[in-house]
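In: Return a 3D structure for these sequence lines:
(one chain, ligands or ions: 2)
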Amino acid sequence: MEKETTRKGAGPLETPQGVVLHIADLRVVFHTYVGTVHALSGIDLDLREGKITGLAGETGCGKSVTAKAVMQLLPSTAEVLSGRILFGGEDLVRKTPSEMDAIRGKRIGMIFQNPRAALNPLFTVEEQLYFLLHRHEHLGRKEARKRSLALLEAVRMGGAKKRLRSYPFELSTGMCQRVMIAMGLACSPKLFIADEPTTGLDVTVQAQVLELFKHLVYEVGSTALLITHDLGVIAETSDYMGVMYGGRMVEFGTTEDLIEHTLHPYTQGLLRSSFTGEDDDELHYIPGVVPDLRRPPSGCVFEARCAVCVEECRVSVPDMIEVENGHRVACFQAGAAGIADGGKAGSTRGER
Ligand SMILES: Nc1ncnc2c1ncn2[C@@H]1O[C@H](COP(=O)(O)OP(=O)(O)O)[C@@H](O)[C@H]1O
Ligand SMILES: [Mg+2]
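Out: Ligands and ions are numbered 1, 2, ... in the order given. This is a model prediction of the structure:
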């Protein structure tokens, strides 16, 4: 894998037309006592205005590191080796911590997994919303209460007035996630980043939260990055989707294109293991394990698990190539015969 020790990033800071967030060649490593972890090896991602973009991939592929890099919430062991994250004519990689403080929560809203843990247990819902509204919008107590009530109503919180006075422990997990979304929305951010917002919620609440999420993104005219390992959630919610594997983006396009005309064997394997046909009672999985990112492979990152790989895949890293209409894929074998059957496509047949 190519190593880079200097930060790239000179040049114009405008995002491409219709794009709210433009990530280019983002490389992040973690320095740990067991070695250097190459968490992101050159991610490119554009978030289109007024659209929901889903980010999928197995645990450990770099979804959360991507979100944290955008928000400058990476731990001190992380190092951004290269890349640009353009937002509103500025490069977020180059922002100072205090400049980022002014952007987070105001221009970029965040929603994380485990909403109960993300809320402060010592303060009521009203106080938590007040901190945000006072800090970023300079609202007084009275105006903040009015706005908070409207926000809770917007996220369809039953008994909103009463809920303002509730502490997190008095709320169900679904209600906590509504409060998180209300906080994410409080300053009408241009961009929302939601990292596994429905993981851990039961299916009914999950469906309600996703409906709400869609409604709010399209109503408020915001733009969203929806990170989840659950392809079903992305299929139902996102306009565009990116699939990550081993710290790289391997396929990107409209959700429809990725599902209907899947080009990467990894995406195909993920789809097979997420959705089974009506007559199919087998559990499908992708054989093998994700690569050790302390020693990323020198060729394609998916090569060891791929059924259609050839010699070239072992020695060179495939670039993301546009196939059509913004549908991009990083695979030397994209479109090769048999690729539609997806990787080594393991199944439980014969094992039971
Ligand atoms: N604080 C850290 N220290 C070392 N490695 C980390 C740290 N955080 C994440 N990583 C590594 O970075 C890679 C990407 O992690 P992450 O973005 O959290 O994955 P996910 O796609 O599940 O959100 C993984 O290999 C993970 O082990
Ligand atoms: Mg994660």
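
In: Once you drop chain neighbours, what's closest to S166?
Out: What sits nearest to S166 in space, not counting adjacent residues and going by C-beta to C-beta, 6 or more residues apart in numbering, is V125, at 5.5 Å. All C-beta spots, glycine's among them, are computed from the backbone N, C-alpha and C.

In: Just give me the neighbour total for that neighbour.
Out: By other C-beta atoms under 10 Å, the residues close to V125 number 28.

In: Would you agree it is in contact with K162?
Out: No - at 9.9 Å, V125 does not count as touching K162 under the criterion of C-beta atoms under 8 Å.

In: Kindly state the pLDDT recorded for the residue nearest to S166?
Out: Per-residue confidence (pLDDT) for V125: 96.

In: for it, what are its contacts?
Out: The contact partners of V125, taken as C-beta atoms under 8 Å, 6 or more residues apart in numbering, are 148, 152, 163-168, 171, 179.

In: Among those, name the ones in strands.
Out: With strands identified by DSSP state E, none of the entries of the contacts of V125 belong to them.

In: with the residues you listed in mind, which one is nearest to ligand 1?
Out: Set against ligand 1, the nearest of the contacts of V125 by C-beta to the nearest ligand atom is V179 (23.1 Å).

In: Give me the neighbour count for the closest one.
Out: Applying the criterion other C-beta under 10 Å, we find 26 residues in the vicinity of V179.

In: Now do the same contact list for it.
Out: 115, 119, 125, 128, 152, 155, 157, 163, 168, 171.

In: Let's see if you can find the most crowded of the residues you listed.
Out: Neighbour counts for the contacts of V179, by other C-beta under 10 Å, peak at V125, which reaches 28 neighbours.

In: Check the gap between it and ligand 1 for me.
Out: As judged by C-beta to the nearest ligand atom, to the nearest Å, V125 and ligand 1 stand 28 Å apart.

In: Can you check the pLDDT for the residue in the stretch 201-350 of the chain positioned nearest to ligand 1?
Out: As assessed by C-beta to the nearest ligand atom, ligand 1 sits closest to L293 within the stretch 201-350 of the chain, at 4.5 Å. L293 is assigned a predicted lDDT (pLDDT) of 93.

In: residues contacting it?
Out: Taking C-beta under 8 Å, 6+ apart as the test, what L293 contacts is 37-39, 60, 246-247.
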